[in-house]
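Engineer: What follows is a predicted structure for the sequence shown.
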Number of protein chains: 2
Amino acid sequence: MKHRKLRIHAPAILYFDKVRRCGSFREAARSLNVASSAVNRQILKLEEELGTPLFERLPSGLRLTAAGEIFARHATVVIQDTERVSSQLDALQGLRSGHVEITTVEGVTVDLLPGVIERMRSQYPNVTVGVSILGSTAIPEQIMNGQADLGLAFALLRNSELHQLIRGRFHLGAIMRPDHPLAGHSRLTFASCAAHPLILAKADLSIHHLLAPAISHSKNWGRAVVETSSVELAKKLALRGAGIAFQTRIGIEEELSRGDLVHIPIVNNQPVMSDLGLYTRAGRSLPVAVDAFARMLTEEITRRSQQEQDALSTGITPIL
Amino acid sequence: MKHRKLRIHAPAILYFDKVRRCGSFREAARSLNVASSAVNRQILKLEEELGTPLFERLPSGLRLTAAGEIFARHATVVIQDTERVSSQLDALQGLRSGHVEITTVEGVTVDLLPGVIERMRSQYPNVTVGVSILGSTAIPEQIMNGQADLGLAFALLRNSELHQLIRGRFHLGAIMRPDHPLAGHSRLTFASCAAHPLILAKADLSIHHLLAPAISHSKNWGRAVVETSSVELAKKLALRGAGIAFQTRIGIEEELSRGDLVHIPIVNNQPVMSDLGLYTRAGRSLPVAVDAFARMLTEEITRRSQQEQDALSTGITPIL
DNA sequence: CGCAGTGATGCCGAAATGGCATCACTCTGC
DNA sequence: GCAGAGTGATGCCATTTCGGCATCACTGCG
């Protein structure tokens, strides 16, 4: 059963938000199933009421003015909080419906996210979930736009518009086949890896920045077989024995449990850790479905992070 | 010059909010300068759209239902964020207008708040400021209601709906006339005060709870001349030599600088500190005027708190 | 040049909004 | 007990607002 959209607000707010997203009055009108003139007039009325244009009408298309940016945040606030109201009213009646939209990076889609989504769907069968895979840089924008409720990414720079719900710390490790010469170690420095063929991360991955200092300190290297911005590709290359890749344990759970890969923490002076954060738009009350999903994700991240901590303190690397 | 109210939202939201505040449809209608039937219909339409009543119509008056509470938050969110938009649009045009409503406790009205308001009015001449004096317990409610933008109080219990912008720590001290037998000390325990006539705080002041453990440990006391919930009254009594009162330095600035009173930090095991916090409703972007006022308050609180820290570290009590 | 796309505007019917009068009801004070 | 003042709900009507259609003026692309 799907809950109808609440129409408790002036159409102008919804129309404006659609136009902003579509970049065109007519496109927004089609998407809203209304005449374009209706949309046009609502925007014009809004601009008259506010005393300032919200869009620049350029030949190349629409662009938000400074006032438009201010109002866009307002529209997002109103629409998202309306969604919260809707979900909370449903919850009052015992319904657990709604939608969760999350943007994230590649690695978590392999094992972490599927598990959480499965639990979500068993506890909240009527909640729909949307997942988008984007680069780390695009994720904050999606959250602030209101296109995503939650963002899950490594090492996002903290922003006053972003709120970090939780942070998990995960060992960055060297991953390689069990028959690799270094596979027997329980700790590795980057320098000791550098003598072997390496699969490195490009600059748009957080891994790159974590290893950058170590790389610049290593003199005798140059054996980067591949540089990639896909952790999936790096994993597959390591599986084929192309070299040592560098990742957290997230995204290679199956290969680790089957023994197809080993994950050996990198230790320079201290263990090299990667921060996985869960983010929302700052200053927002979450709809119940989003809140529930966030809690489940938080729990799972905490569990895995704690698991690594425990493994470290007992001095036993979990697998191998 | 006063900025007109933005009418960008469905009247139902504004009407609902008014009704909630007034506790009556007709009263709200009068306040809004519309017919009561218009208000009534907007509420009925809203309830139909949401599929649930928002008010219980009791013979004794209106009461919010659970759904009404949920929607009340929404109305507050929308209205307050509209105010933010209005202020930011004004700021774009170089105007600095708006309104700041603050609820606070008694003590800060003597010197801290007047100074900040004066600075505010010189930098933002067109901003109006409203101040309400309430008991500590009522302040969180006012903020969550949206009746106040800022709350300034000692030792509020932290709430997920409240956001603490800053916290200043201030010495709780014994205040007395300079001719009091204990006036020469630079530190005092509560026990040593207990041998003299005391002016104590009632349970609704945070001071009471700070001293409660010390009081219960002191055996031979019973010389509480007065118990009051007014720090102003306590100050006046101390000025007349009625006994030792217990406060922070906030609210007795003039008496301290003129030498009419001395303020001697209370030290039990550690110095007894009182937390002065500045609060807003959690999850809210502040209008520019409110933001500016909050910054000035923050600066002033930090300055005074730091001043006490410095005085402590150098081992010199500032006055006396 | 034609064509497809855009935003703006005039016209008209439909829907929503607000004002007035009124009803049914409760509580208060005499 | 009864009158008066208060409450929220409702029917009727004028006004305003909203949306749909057709159209105009303009831009970019072959």
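Structural biologist: Okay, I see it. The structure displayed is predicted, hence computed values, not measured ones.

Engineer: pretty sure A:Thr65 is in contact with A:Pro53, am I right?
Structural biologist: Yes - look at A:Thr65 against A:Pro53 with Cβ atoms under 8 Å: they come within range, at 5.5 Å. In this view, the C-beta of every residue, glycine as well, is placed from N, C-alpha and C.

Engineer: List the contacts of the helix or strand encompassing A:Glu48.
Structural biologist: Take DSSP states H and E as the rule and A:Glu48 turns out to sit in helix A:36-50. Helix A:36-50 is contacted by residues A:11-12, A:15-16, A:18-19, A:25-26, A:28-30, A:32, A:53-55, A:67, A:71, B:6-8, B:85, B:89 when judged by Cβ atoms under 8 Å, 6 or more residues apart in numbering or on different chains.

Engineer: Repeat the analysis, applying 7 Å as the threshold.
Structural biologist: Residues from elsewhere that reach helix A:36-50 (Cβ atoms under 7 Å, 6 or more residues apart in numbering or on different chains): A:11-12, A:15-16, A:19, A:25-26, A:28-29, A:32, A:53-54, A:67, A:71, B:6-8, B:89.

Engineer: Stretch A:167-183 now?
Structural biologist: Contacts with stretch A:167-183, where a contact means Cβ under 7 Å, 6+ apart, come from A:188, A:193, A:196, A:207, A:210, A:238-239, A:241, A:244-250, A:252, A:259, A:261-266, A:271-277, A:301-302, A:304-305, A:308.

Engineer: Separate out the buried members of the residues you listed.
Structural biologist: Neighbour-count burial (16 or more other Cβ atoms under 10 Å in any protein chain shown) applied to the contacts of stretch A:167-183 gives A:188, A:193, A:196, A:207, A:210, A:238-239, A:244-250, A:252, A:261-266, A:272-277, A:301, A:304-305, A:308.

Engineer: from these, which ones fall inside strands?
Structural biologist: Counted as lying in strands by DSSP state E, out of the buried ones among the contacts of stretch A:167-183, are A:244-247, A:262-265, A:273-277.

Engineer: now, which of those lie close to DNA strand D?
Structural biologist: Among those, no residue sits close to DNA strand D (Cβ under 7 Å from any atom of the strand).

Engineer: Go through the residues you listed and name the one nearest A:Gly107.
Structural biologist: Nearest to A:Gly107 among those: A:Gln247, at 7.0 Å, using Cβ to Cβ.

Engineer: How much space separates the residue of the stretch 101-250 of chain A found nearest DNA strand C from A:Phe71?
Structural biologist: DNA strand C sits closest to A:Asn145 of the stretch 101-250 of chain A, with a gap of 18.6 Å, by Cβ to the nearest atom of the strand. A:Asn145 is 14 Å from A:Phe71, where distance means Cβ to Cβ, to the nearest Å.

Engineer: Can you pick out the residue with more neighbours from the two?
Structural biologist: More neighbours surround A:Phe71 than the other of A:Asn145 and A:Phe71, with 25 against 15 (other Cβ atoms under 10 Å in any protein chain shown).

Engineer: That one contacts B:Arg84, correct?
Structural biologist: No - with contact defined as Cβ atoms under 7 Å, A:Phe71 and B:Arg84 do not form a contacting pair (10.5 Å).

Engineer: still on that earlier bit, for the residue of the stretch 101-250 of chain A closest to DNA strand C, which non-adjacent residue is spatially closest?
Structural biologist: Nearest residue to A:Asn145, sequence neighbours excluded (Cβ to Cβ, 6 or more residues apart in numbering or on different chains): A:Thr76, at 7.2 Å.

Engineer: show me which of the contacts of helix A:36-50 neighbour DNA strand D.
Structural biologist: Filtering these for neighbours of DNA strand D using Cβ under 7 Å from any atom of the strand leaves A:11-12.

Engineer: Show the buried residues in the contacts of helix A:36-50.
Structural biologist: Among those, the ones that count as buried by 16+ other Cβ under 10 Å are A:12, A:15-16, A:19, A:25, A:28-29, A:32, A:53-54, A:67, A:71, B:6, B:8, B:89.

Engineer: Return stretch A:19-31 as PDB; C-alpha atoms alone will do.
Structural biologist: The C-alpha coordinates for stretch A:19-31 follow below in PDB (Å, rounded to 0.1, in the frame of the first residue of the first chain):
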ATOM      1  CA  VAL A  19      11.900  23.400 -12.000                       C
ATOM      2  CA  ARG A  20      15.100  23.700 -10.100                       C
ATOM      3  CA  ARG A  21      15.700  19.900 -10.600                       C
ATOM      4  CA  CYS A  22      14.600  19.800 -14.200                       C
ATOM      5  CA  GLY A  23      16.300  23.000 -15.300                       C
ATOM      6  CA  SER A  24      13.200  23.900 -17.400                       C
ATOM      7  CA  PHE A  25       9.700  25.100 -16.800                       C
ATOM      8  CA  ARG A  26       8.100  22.900 -19.400                       C
ATOM      9  CA  GLU A  27      10.100  19.800 -18.400                       C
ATOM     10  CA  ALA A  28       9.000  20.300 -14.800                       C
ATOM     11  CA  ALA A  29       5.400  20.800 -16.000                       C
ATOM     12  CA  ARG A  30       5.400  17.500 -17.800                       C
ATOM     13  CA  SER A  31       6.900  15.800 -14.700                       C
END
